[in-house]
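> Got a sequence here, can you model it:
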Amino acid sequence: HDAQEFYHAFIDGLDTDVLSFQKALRSMQQTIKYKSQISTGSPPVTPSQSSIKDIFGGSLRSVLICDQCGCKRSQIESFLNLSLPLKKEVLSESEAATREKMTTRKETSNINACLKHFTDPETLSDPIYCPSCNKKTNTLKQNTFAK
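Predicted structure coming up:
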């Protein structure tokens, strides 16, 4: 948890410094433009409009899907890091094929498996109010990446 706090503080500080540098660079460019009597014919160098958070951050879309009517509601939130499980219990291949055995095995996941698990739809344990049905219904939740 401390590493996440440090990471967020580091990115915030770096973002602040980059934005400050970009502002100072724009100010210097305007000063040079007004003082310069000779035109070089090339456009002035402008700093990138991306901030550090644009580079290291992303947006997560959380989608709620009503089990009865299929109504979808989504909410987008920004993130700088995600907590993904490194290991998960998965059905053994023989169980997936036969559905007769009730065995599981531990599998070390790669990043693609972790992201797939993170974005797989899950049924919420408690019913959620659906504005279309006008009542609480069983609901699926799925996380997807918006950016």
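
> low-scoring stretches of this structure, by residue?
1, 34-50, 87-109 (pLDDT under 70).

> What ranges does it have for its helices?
2-35, 52-56, 93-98, 111-119 (DSSP state H).

> From the chain's centroid, how far away is the first one?
Counting by C-alpha atoms, centre = their mean, to the nearest Å, helix 2-35 is centred 23 Å from the centre of its parent chain.

> What's the separation between residue 143 and residue 29?
From residue 143 across to residue 29, the span is 42 Å (C-beta to C-beta, to the nearest Å). C-beta here means a position set from N, CA and C on the backbone, and glycine is covered the same way.

> And residue 60, by the same measure?
From residue 60 across to residue 29, the span is 36 Å (C-beta to C-beta).

> higher neighbour count, the two?
Taking neighbours as other C-beta atoms under 10 Å, residue 60 and residue 29 compare with residue 60 leading, 17 against 14.

> now that one: how far from residue 15?
For residue 60, the distance to residue 15 - C-beta to C-beta - is 19 Å.

> picking that back up, out of the helices of the chain, which comes closest to residue 67?
Relative to residue 67, the nearest member of the helices of the chain by C-beta to C-beta is helix 111-119, separated by 18.7 Å.
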